[in-house]
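Enquirer: Just need the structure, nothing else, for what follows:
(2 chains)
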Amino acid sequence: MFWPVIPKSPASWKVPPNLLDYEPTVATFSWDAVRGAFQGLPENRGFNIAHEAVDRHADGPLSDRVAIRWLGAEGATLSIRYGELKTRTNRFANVLKGLGIGKADTVAVLLGRIPELYIAALGTLKNTSVFCPLFSAFGPEPVYQRLSRGDAKILLTTERAYRQKVAPLMARLPRLQSVLLVDAREHASDRLLSLPRLMAEAADAFVIPPTDPEDIAVLHFTSGTTGMPKGALHVHGAALTHYLTGQYVMDFHPDDVFWCTADPGWVTGTSYGIIAPLLHGITNVVDEADFDAVRWCRILQAERVTVWYTAPTAIRRFMRMGIEPARQYDLSRLRLVHSVGEPLNPEAVVWGLQALGMPIHDNWWQTETGGIMIANFPAMDIRPGSMGQPLPGIEAAIVERADGGVRVIEKPNVQGDLALRPGWPSMFRGYLHDDARYQKCFVDGWYLTGDLARRDADGYFWFVGRADDIIKTSGHMVGPFEVESTLMAHPAVAEAGVIGKPDPLIGEMVKAFVSLKPDFAPSDALRLELIGFARQRLGSAVAPKEIAFTPDLPKNKAGKIMRRLLKARELGLPEEDLSTLEDSG
Amino acid sequence: MNSDDIRTVVFEILRRIAPESDPSALDPNENIRQALDIDSFDALNFFVRVNEQFGISVPESDYGGLNTVSEIVGYLSARLG
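Expert: Numbers count the residues shown, from 1 in each chain, chains lettered A, B, ... in the order given. A predicted model of the protein is given here:
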C-alpha cells in the first residue's frame, strides 16, 4: 500500500521547531559548537553528566523548577525540583563514597521506576562510578549474568526483589560488596544495608571529582546472538548527543514537560528517560506503573505533557482499543509524539494524525549508539514507515560486505547493512571484557549496526530487518542463546532453538522449539513446566511465551541449530531459500 | 457461577500463564502483576483467556483497575451476575 507523505508546514507548528533547515544545518554542523551549551565542571575539572543535568540548573534560575515529576503506581505523586535533586544526588554520591566506591566501580540497580532509581543514577555519575541499570522484570539468571559480567560492586534493589532474585545469587557474586535495599529500615548485615538509613546519615554537600569526558559513565547490557549479553560502555561525553537530540529531535523548549515511557533498564529509559530532558532543564515525567491506556491518557492530560516519547507496542495497544485520546482528553498542550524501539508501521504513524491530532515521529538508534541517530524531525515531512534522516553530525550509509571489507551502496533503494561513521560522542567505547567483539563491529572505517536497511533517493532510511537472530520483543532485545541455555538446563530438554515469532502487538514474541531427551514425551504438562522453569530463571521479559515440541531441530553441517529455518517453518515460508542463507552466529 | 467458581477458573488461567506460581497462595489484595511477574503481554493473554472461559469481553480500558485477585473476581462476578 502507498502511504502519502505527511507534509509539515509552519501553520501546523504550535512552537517553531529548533531545527528548521535540515540541509544547511548538516552542512555547517560541528560537535565543538554543541559543547558551548555546557558549563563544564568548575575550575576546569572536566565534564560530568550529572553536573550538566542537575547541578548547573540547581545553582541557577531553574533551581525551583520541577526536574522529576513522579507518579506512583498506587496514586502517590512526588515533585523533585532541581535544587532538591542536587542535594539528594549529592547524598547518594556520599553514600557511595562512604562505602569506598569510587571511579569506574559499577553500581547496578534492579528497581522499578521509583525516585530512588533516578537519584541513584545521577548520584552514581557524580561519584564518577558507573551506572548499570537492570530491567526489573529480569529473573535471577539475567540478573546474575549482568551483575557478574559487569563486576558490580553495589546493587540497589527492593526487599522483595532481593529475596526472590538476588539472595540465591550472593554466594556466586564475590565482587558484589553490598546490596542497598531501598525499602529496608535497618541494616540487616554488612552486605545488606538500608538505603534510607545511609541516605539519612549522608551529607548534603558533594564535590564532583575531576571527570574526563572519556570516563565511563553508563554500562548497558544488550543481547547477543551467540553468547551471553554484552556490556556496552558509554562515557560522560555522550551527553553531547543527548543534548543535541533533545534539541533537534525531541525539540525541547524551556517550558516543556517531557514524558519518556521507557524503563531505564533499557537504553532509551536512561538516555531519554533521565539524561536528555534534565540536560535541557525541563520537567521529566516518570510513571511507575506499567502500560495502561486510560491511565496514560490521563497522565498526558493532567501533567500537561508537551513532548511524548513512547513505543510502537503501546501505540498499537491504543489502536487496538479504538480510542482516540484527542477526542476524549484535553491534549491541547501536546506538541510532539515520538516513537522508538522497533520500526513504527505506517498505519500507526497515520493513526496519530487522527487520534492524537499529530503524526508520530519514528526514530532509530540502538544501545551501542547511545542516542538517536536517524530521526523524523519536527520540521521535516514524514514518509510513513521510514525512520527518517540522520541527525546532523551523523553520517549514515547503506553498505555491503565485499572482499573482506565493506563497500558503500550509493544506489538508492538497495537493501544492505546500515552503517555509521564512528566518532559521534555517544558511541559506545567498548564491550566490557570483550574487545574482540567490539573490534568486529568496525570494518573499513564504518560501525556496522547489525540492522538491514535501505535509503531512498531523497535520503530517508527504511528499516528492513535484523542481520542476525536477535529478537525484538515489546521493544526489548532478547538474545536467543540466553533463552536456549536456560531451557537446556531442564532435565527433559535435549536441545532448544529460540526465535522471534512475529506478533501484531509486541513485534516479536519469544518462541522456543524444544526436542526432548529419550525418556520424555511431549505433553501439555511438560510444556507448562518448561515455561514455568524458564520464567523462574529468566523473568517474564525474557522467557518464552510459547513452546513447541519438535523431534528434529534443523541443523547445519556443523551441527548448529538453524534458527532461521525454524522461523521459516513457523511462518510457512519455503525452507530451501533460507537454508543457503544460514550464517547466523 | 459463584465467586469461588470464578476464582477457581481465574487461578487456572493464571497457572497457564505463570505455571511456576501458585495463585491460590496470593493475598487477594496483592498486585498480581508484581507478585506473579505478569508483563503486559501476559496480562493481555489473561484477558483473552477470560473471554474464552467466561464469554466476557473485558475492554482494555478496564484493565487498569484489575490488578488483584479480589478486583478481578469482583469484576467478573458483577459482569456475570
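
Enquirer: Where does pLDDT dip in chain B?
Expert: Along chain B, segments meeting pLDDT under 70 are nowhere present.

Enquirer: Please, where are all the helices along it?
Expert: Applying DSSP state H to chain B gives helices spanning B:3-17, B:32-35, B:40-54, B:60-63, B:69-80.

Enquirer: First-to-last residue distance for stretch A:223-241?
Expert: 23 Å (CA to CA, to the nearest Å).

Enquirer: most tightly surrounded among the helices of chain B?
Expert: For the helices of chain B, average neighbour numbers computed from mean count of other CB atoms under 10 Å in any protein chain shown are highest in helix B:32-35, which has a mean of 20. Where C-beta positions appear, they are placed from N, C-alpha and C, glycine not excepted.

Enquirer: chain center to it, what's the gap?
Expert: Distance of helix B:32-35 from its chain centroid, counting by CA atoms, centre = their mean, to the nearest Å, is 11 Å.

Enquirer: Show me which residues of chain B are close to chain A?
Expert: B:15-16, B:18-21, B:31, B:33-34, B:37-42, B:44-45, B:59-61, B:63-64 (CB under 8 Å from any CB of the partner chain).

Enquirer: would CSV of the helices of chain B with distance to residue A:536 be doable?
Expert: Listed next are the helices of chain B as CSV, based on distance: least, CB to CB, whole Å:
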stretch, distance to residue A:536
helix B:3-17, 13
helix B:32-35, 14
helix B:40-54, 14
helix B:60-63, 25
helix B:69-80, 21
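
Enquirer: pLDDT of stretch A:95-111, averaged?
Expert: Stretch A:95-111 shows a mean pLDDT of 98.

Enquirer: same thing with stretch A:497-505?
Expert: 93.

Enquirer: which residues are in contact with it?
Expert: Under the criterion CB atoms under 8 Å, 6 or more residues apart in numbering or on different chains, residues A:313, A:316-317, A:320, A:469, A:471-473, A:478, A:480-481, A:483-484, A:487, A:507-513, A:544, A:546, A:553-554, A:561-563, A:566-567, A:570-571, B:41, B:44 lie in contact with stretch A:497-505.

Enquirer: Who are the contact partners of residue 47?
Expert: In the absence of a named chain, this looks at chain A. A:38, A:40, A:41, A:211, A:212, A:213, A:236, A:237, A:239.

Enquirer: oops, chain B please
Expert: B:58, B:60, B:63.

Enquirer: Can you name the residue of the stretch 101-250 of chain A nearest chain B?
Expert: residue A:137 (6.0 Å; CB to the nearest CB).

Enquirer: any idea how far residue A:178 is from residue A:121?
Expert: According to CB to CB, to the nearest Å, residue A:121 stands 18 Å off from residue A:178.

Enquirer: who's more crowded, those two?
Expert: A count of neighbours by other CB atoms under 10 Å in any protein chain shown puts residue A:121 above the other of residue A:121 and residue A:178, at 28 against 20.

Enquirer: what's the closest non-adjacent residue to that one?
Expert: residue A:131 (5.0 Å; CB to CB, 6 or more residues apart in numbering or on different chains).

Enquirer: Quick one: residues in contact with the helix or strand hosting that neighbour.
Expert: Per DSSP states H and E, residue A:131 falls inside strand A:130-134. Contact with strand A:130-134 is made by A:104-110, A:117, A:120-121, A:124-125, A:142-143, A:146-147, A:150, A:152, A:216-221, A:231, A:233, A:264-265, A:269-270, as judged by CB under 8 Å, 6+ apart.

Enquirer: go again using 7 Å as the cut-off
Expert: Here strand A:130-134 makes contact (CB atoms under 7 Å, 6 or more residues apart in numbering or on different chains) with A:104-110, A:121, A:124-125, A:143, A:146, A:150, A:152, A:216-219, A:264-265, A:270.

Enquirer: model confidence over that strand, on average?
Expert: Rounded mean pLDDT across strand A:130-134 is 98.

Enquirer: Among the helices of chain B, which comes closest to residue A:182?
Expert: Counting by CB to CB, residue A:182 lies closest to helix B:32-35 out of those; the figure is 14.8 Å.

Enquirer: what sits up against the closest one?
Expert: Taking CB under 7 Å, 6+ apart as the rule, helix B:32-35 contacts A:290, B:26, B:38, B:43, B:67, B:68, B:69.

Enquirer: Give me the buried subset of these.
Expert: Among those, those classed as buried by 16 or more other CB atoms under 10 Å in any protein chain shown are A:290, B:26, B:38, B:43, B:67, B:68, B:69.

Enquirer: Tell me which residues touch residue 6, please.
Expert: Using chain A here. A:359, A:381, A:382, A:384.

Enquirer: Sorry, I should have been clearer: chain B.
Expert: B:73, B:76, B:77.

Enquirer: Tell me if I'm right that the last one and residue B:4 touch.
Expert: No: in terms of CB atoms under 7 Å, residue B:77 does not count as a neighbour of residue B:4; the distance is 10.4 Å.

Enquirer: was I right about residue A:240 contacting residue A:427?
Expert: No: the criterion here is CB under 7 Å, and residue A:240 misses it with residue A:427 at 10.9 Å.

Enquirer: can you tell me which of the contacts of stretch A:497-505 are in strands?
Expert: Among those, the ones falling in strands (DSSP state E) are A:471, A:472, A:473, A:478, A:507, A:508, A:509, A:510, A:511, A:512, A:513, A:546.

Enquirer: could the residues you listed go into JSON lines alongside distance to residue A:22?
Expert: Listed next are the ones in strands among the contacts of stretch A:497-505 as JSON lines, based on distance: CB to CB, whole Å:
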{"residue": "A:471", "distance to residue A:22": "34"}
{"residue": "A:472", "distance to residue A:22": "28"}
{"residue": "A:473", "distance to residue A:22": "33"}
{"residue": "A:478", "distance to residue A:22": "35"}
{"residue": "A:507", "distance to residue A:22": "29"}
{"residue": "A:508", "distance to residue A:22": "32"}
{"residue": "A:509", "distance to residue A:22": "37"}
{"residue": "A:510", "distance to residue A:22": "38"}
{"residue": "A:511", "distance to residue A:22": "41"}
{"residue": "A:512", "distance to residue A:22": "45"}
{"residue": "A:513", "distance to residue A:22": "46"}
{"residue": "A:546", "distance to residue A:22": "44"}
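
Enquirer: Go ahead and build a PyMOL selection from the buried members of the residues you listed.
Expert: Command for PyMOL that selects the buried part of the ones in strands among the contacts of stretch A:497-505, burial taken from 16+ other CB under 10 Å:
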select buried, chain A and resi 471+472+473+478+507+508+509+510+511+512+513
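
Enquirer: Closest to residue A:206 out of the ones in strands among the contacts of stretch A:497-505?
Expert: residue A:478 (38.0 Å).

Enquirer: Distance of the closest one relative to residue A:430?
Expert: 23 Å.

Enquirer: Pass me the low-pLDDT residue ranges in the stretch 451-585 of chain A, would you?
Expert: A:575-585.

Enquirer: Since that was my last question, I'll sign off now.
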